[in-house]
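Student: the following block contains a protein sequence and its predicted model.
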There are 2 protein chains.
Amino acid sequence: MLFIMSAEIICVGTEMLLGDILNSNAQFLAQQLARLGIPHFYQTVVGDNPTRLKQVIEIACRRAQILIFTGGLGPTPDDLTCETIADFFGAPLVERPEIIEDISQKYAVRGRVMTPSNRKQALIPQGAEILPNFTGTAPGIIWQPQTGLTIFTFPGVPSEMHRMWEDTAVPYLKNQGWGKEIIYSRMLKFWGIAESALAEKVAAYLNMPNPTVAPYASKGEVKLRVSAQAANEAAAQDLIAPVEKQLQDIAGLDYYGADDDTLASVVGQLLLAAGQTLSVAESCTGGGLGQMLTEISGSSSYFWGGVISYDNSVKIGLLGVNPEDLAKFGAVSSIVAEQMAAGVRSRLGTTWGLSITGIAGPNGGTETKPVGLVYIGLAGPHEVKSFEYRFGTARGRSLIRHLSACTALDNLRRKLAA
Amino acid sequence: MLFIMSAEIICVGTEMLLGDILNSNAQFLAQQLARLGIPHFYQTVVGDNPTRLKQVIEIACRRAQILIFTGGLGPTPDDLTCETIADFFGAPLVERPEIIEDISQKYAVRGRVMTPSNRKQALIPQGAEILPNFTGTAPGIIWQPQTGLTIFTFPGVPSEMHRMWEDTAVPYLKNQGWGKEIIYSRMLKFWGIAESALAEKVAAYLNMPNPTVAPYASKGEVKLRVSAQAANEAAAQDLIAPVEKQLQDIAGLDYYGADDDTLASVVGQLLLAAGQTLSVAESCTGGGLGQMLTEISGSSSYFWGGVISYDNSVKIGLLGVNPEDLAKFGAVSSIVAEQMAAGVRSRLGTTWGLSITGIAGPNGGTETKPVGLVYIGLAGPHEVKSFEYRFGTARGRSLIRHLSACTALDNLRRKLAA
């Protein structure tokens, strides 16, 4: 097996074992390592326990050459990371007066006096460099306890860790020669196709070495991550661009955007480009479609508003839905979806009216109209159409509502893009 | 060293090594293990790589007796978790017709045809039980490949994993004798008070041994987690109840609910109890308030709907806001908030009308009306009032909108609870 120099992320803290906090530090460090082109293959979480932490260090030393620790640098007795690492490598701890000085000054600024427990934070392994903490009291270290092994420690507080990483770890690693090859990714996004179906369409791309293409799926959306390793971002983009283009061509209208694009932002761009406007009429989503549309800054240029017609009286009173059709076909029907879309379009005077009516559950389903049945209405300058969806009874209220709003946007997107 | 039976969480997916996603599955499983009193000391993240995954399994087998895997069960070629585990323990993979049947049916319901790549998901190690997936296509397994070792696999999609955990893993583990000494928690929720202020008020409770009380804060909400260790849930509740009561008394109206309660669900219960109804008029939140209210199943009993009045023409046309006041005071003003609330209340004929108008940013702020300035209007049977908030310019569009919707609900809650 080819030897690849790599890093390992080790997050220390019993709070993660209790599930009290999300381990956002691991994600941040993973992104940063990718940016610098430093491979990393493992992340480990361990509690504030010296015996277990030593076992983790022993394993990590065998499979990585850069160990990045977060957490356990604070002043309280359960913060043991630094002394445990020193103990593992048999190095004595040395009190560093510059750290004492730094902590005292920070306390003075906040009108507080340094406590004896803070002295512990000034103890670092002999031979280690101090990784200064500009925003908090806990410093980190950069240390080479043995040849070919570099250790970084960071506090667990994300804002402190981020700043220290940028200010000292990045320059240090670049100085060591990292960052010459970087990994750059584009996330391509698709709607209206299953992950397995897309994966089969693009099967030939899933085994390429550089760029690599990997599929993901969540909440109805399918993504392809295209990642290239190259000397810099521009070179990586050159590797990615032709593959991205081919993948888009294969997917056709199922492809809707990349990276920060959302269905709402793409619909917004299309409306802006056409100089058109939109209003919505929402029943089962209760405002979720409007919420998605207005999450985009500047959406007031094309989104005028809408009606949350949760109760039938609102469908009749504010949208002009025909009470006889409501009684005959029910609120969750193709004809009511169309009348809602046409009604909001004419009341608000927009180019398009988009509506949703459905059964989000868990109650309210029947044999003929099960939970998950959703109608989307789209009224435009030339016609009013509706679309029926069956999202299934088992997917839960929240997901059915999410899928309904996304699918409504997707219908308008396809209409505008066609 | 005392032998303690324990679990280990192993999350599989290159997307975590690239930092593309937050590992929320580890947090969920950590919380669940704590609830069942199952110790766990390590969490590992590894990519979709059979060689490295086998190394992780080897290490985990030495230090844990229950291995919980998430991720890598999908239909695409890089989903390798199940076959790699089978390979590690030398078990053949067997195609299970009931899985094929289940996937075909799910595809049929959604009007799609099962693809050949889905067949891979029906292969599970000989001797393993199927852990059914009610919401997605990837089933998991429960398997004892050797004496004293139990393996669970779950898909990486959080919603599917949660449901499968609750439905099958929890009963299985309880049947194995877990959950005898349990850790049970209540999460008390507060709105309208800062974390530090609440922590000071309840300082005496923060150092208790059993139950323990720990403060958390996120997105404007403050929480106190009260956790008790006891033989069963009832005994734990007995330990928690008096402390919970005292904490509620100290917090007064800043306390709004516990556990699954949300501001929207609490407002809903209060409206139901009073036999009253609600409508909303939303400008900067664009539907987010209605979305929150309708996230509650059964909300149609008290929530009738509303108007998303993003454009001023909708404020005038559908809500009856006075155009002269709009011109004179601006859309983001106390008087417009009041007219929006009164307008939606009278148009929809509800007991209460609740409105939001504000500047969510990042653009649109001025010297006198900065980003983060929000007015909430509340119209009721006896009066129309408004409330001004300044959420700050730096918190970002998404958080300002979230705080606006929550604060609107909180105002109504305090009115209804008073």
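Tutor: Structure received. Residues are numbered from 1 along each chain as shown, chains lettered A, B, ... in the order given.

Student: distance between the lowest-mean-pLDDT helix or strand in chain A and the chain's centre?
Tutor: Lowest mean confidence among the helices and strands of chain A (mean pLDDT, DSSP states H and E): helix A:116-119, at a mean of 76. Put simply, helix A:116-119 sits 38 Å off its chain's centre (CA atoms, centre = their mean, to the nearest Å).

Student: what residues sit buried inside that helix?
Tutor: Of the residues in helix A:116-119, residue A:118 count as buried by neighbour count, 16 or more other CB atoms under 10 Å in any protein chain shown. In short, each C-beta sits where N, CA and C put it, glycine included.

Student: hey, C-alpha coordinates of it in PDB?
Tutor: Below are the C-alpha coordinates for helix A:116-119, written out as PDB (Å, rounded to 0.1, in the frame of the first residue of the first chain):
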ATOM      1  CA  PRO A 116      -5.100  29.500  40.600                       C
ATOM      2  CA  SER A 117      -6.900  27.100  38.300                       C
ATOM      3  CA  ASN A 118      -5.800  29.100  35.300                       C
ATOM      4  CA  ARG A 119      -2.100  28.400  36.100                       C
END
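
Student: is the longest helix belonging to chain A up against chain B anywhere?
Tutor: Using DSSP state H, we find that the single longest helix of chain A is helix A:397-417. Yes - among the residues of helix A:397-417, A:397, A:398, A:399, A:401 lie within reach of chain B under CB under 8 Å from any CB of the partner chain.

Student: in ChimeraX, select just the buried ones from those residues.
Tutor: Provided next is the ChimeraX selection string for whichever of those are buried by 16+ other CB under 10 Å:
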select /A:397,399,401
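
Student: wait, which of the residues of helix A:397-417 next to chain B is closest to residue A:258?
Tutor: residue A:399 (23.8 Å; CB to CB).

Student: quick one on the thing from earlier: any chance of the residues of helix A:397-417 next to chain B in JSON lines with pLDDT as columns?
Tutor: Compiled in JSON lines, these are given as follows (pLDDT from 0 to 100):
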{"residue": "A:397", "pLDDT": "95"}
{"residue": "A:398", "pLDDT": "95"}
{"residue": "A:399", "pLDDT": "94"}
{"residue": "A:401", "pLDDT": "97"}
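
Student: that older thread, which secondary structure elements does the longest helix of chain A sit against?
Tutor: Applying 3 or more CB pairs under 8 Å, 6 or more residues apart in numbering or on different chains; DSSP states H and E, one finds that helix A:397-417 contacts strand A:182-191, helix A:263-274, helix A:288-294, strand A:352-358, strand A:373-379, strand A:384-390.

Student: same list, these, but as TSV with mean neighbour count please.
Tutor: Shown next, in TSV, are the helices and strands packed on helix A:397-417 (neighbours: other CB atoms under 10 Å in any protein chain shown):
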stretch	mean neighbour count
strand A:182-191	21
helix A:263-274	19
helix A:288-294	29
strand A:352-358	29
strand A:373-379	26
strand A:384-390	17
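
Student: and the helix or strand hosting residue A:27, what's buried?
Tutor: Residue A:27 belongs to helix A:24-36 when assigned by DSSP states H and E. Judged by neighbour count using 16+ other CB under 10 Å, the buried positions of helix A:24-36 are A:25, A:26, A:27, A:28, A:29, A:30, A:32, A:33, A:34, A:35, A:36.

Student: repeat that for stretch A:363-373.
Tutor: Here stretch A:363-373 shows A:364, A:365, A:370, A:371, A:372, A:373 as buried, counting by 16+ other CB under 10 Å.

Student: now, which of those residues sits nearest residue A:181?
Tutor: Closest to residue A:181, out of all of those and judged by CB to CB, is residue A:372, at 47.4 Å.

Student: out of the helices and strands packed on helix A:397-417, which comes closest to chain B?
Tutor: helix A:288-294 (2.7 Å; CB to the nearest CB).

Student: is chain B contacted by that closest one?
Tutor: Yes - judged by CB under 8 Å from any CB, helix A:288-294 and chain B are in contact via A:288, A:289, A:290, A:291, A:293, A:294.

Student: which residues sit in contact with residue A:266?
Tutor: A:256, A:257, A:413 (CB atoms under 8 Å, 6 or more residues apart in numbering or on different chains).

Student: give me phi/psi at the residue nearest to residue A:120 when sequence neighbours are not counted?
Tutor: Spatial nearest neighbour of residue A:120, chain neighbours left out: residue A:75 (5.9 Å); criterion: CB to CB, 6 or more residues apart in numbering or on different chains. Per-residue torsions, residue A:75: phi -90, psi -10 (degrees, to the nearest 10).

Student: report how many residues lie close to the nearest residue to residue A:188 once chain neighbours are set aside.
Tutor: Once flanking residues are discounted, residue A:188 sits nearest to residue A:224: 4.5 Å by CB to CB, 6+ apart. Using other CB atoms under 10 Å in any protein chain shown, residue A:224 has 26 neighbouring residues.

Student: in its sheet, what does the helix or strand containing residue A:224 sit against?
Tutor: Assigned by DSSP H and E, residue A:224 belongs to strand A:221-230. Paired strands of strand A:221-230, with direction, are strand A:182-191 (antiparallel), strand A:212-218 (antiparallel) (DSSP bridges).

Student: kindly reformat the ones you listed as a markdown table containing distance to residue B:238 and mean pLDDT.
Tutor: Listed next are the strands paired with strand A:221-230 as a markdown table, based on distance: least, CB to CB, whole Å; pLDDT from 0 to 100:
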| stretch | distance to residue B:238 | mean pLDDT |
| --- | --- | --- |
| strand A:182-191 | 50 | 91 |
| strand A:212-218 | 41 | 88 |
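
Student: residue A:61: which of those is closest?
Tutor: Among the strands paired with strand A:221-230, strand A:182-191 sits nearest to residue A:61 (CB to CB), with 24.2 Å.

Student: what's next to that closest one, contact-wise?
Tutor: So strand A:182-191 is contacted by A:34-37, A:198, A:220-233, A:236-237, A:240, A:244, A:247-248, A:251, A:254-259, A:261, A:263, A:406-407, A:410, A:413, B:18, B:20 (CB under 8 Å, 6+ apart).

Student: quick one on the thing from earlier: if I look at the residue nearest to residue A:188, how far off is residue A:213?
Tutor: 6 Å (CB to CB, to the nearest Å).

Student: common neighbours of the two, please.
Tutor: Common neighbours of residue A:224 and residue A:213 (CB under 8 Å, 6+ apart) are A:202, A:247.

Student: close to chain B: what parts of the stretch 151-300 of chain A are there?
Tutor: Counting by CB under 8 Å from any CB, the stretch 151-300 of chain A sits next to chain B at A:183, A:185, A:187, A:194-197, A:199-200, A:203, A:206-207, A:214-219, A:225, A:227, A:279-280, A:282, A:284-291, A:293-295, A:297-300.

Student: mind running it again at 6 Å?
Tutor: Within the stretch 151-300 of chain A, the residues that sit near chain B (CB under 6 Å from any CB of the partner chain) are A:196-197, A:199-200, A:206, A:214-215, A:218, A:286-288, A:290-291, A:294, A:297, A:300.

Student: buried only: go through these for me.
Tutor: A:196-197, A:199-200, A:206, A:214-215, A:286-288, A:290-291, A:294, A:300.

Student: okay, domains of chain A per the record?
Tutor: A:7-175, A:182-258, A:263-417 (automatic domain parsing).

Student: tell me the contacts of residue A:277?
Tutor: Residues counted as contacts of residue A:277 (CB atoms under 6 Å, 6 or more residues apart in numbering or on different chains) are A:302, A:304, A:350, A:351.
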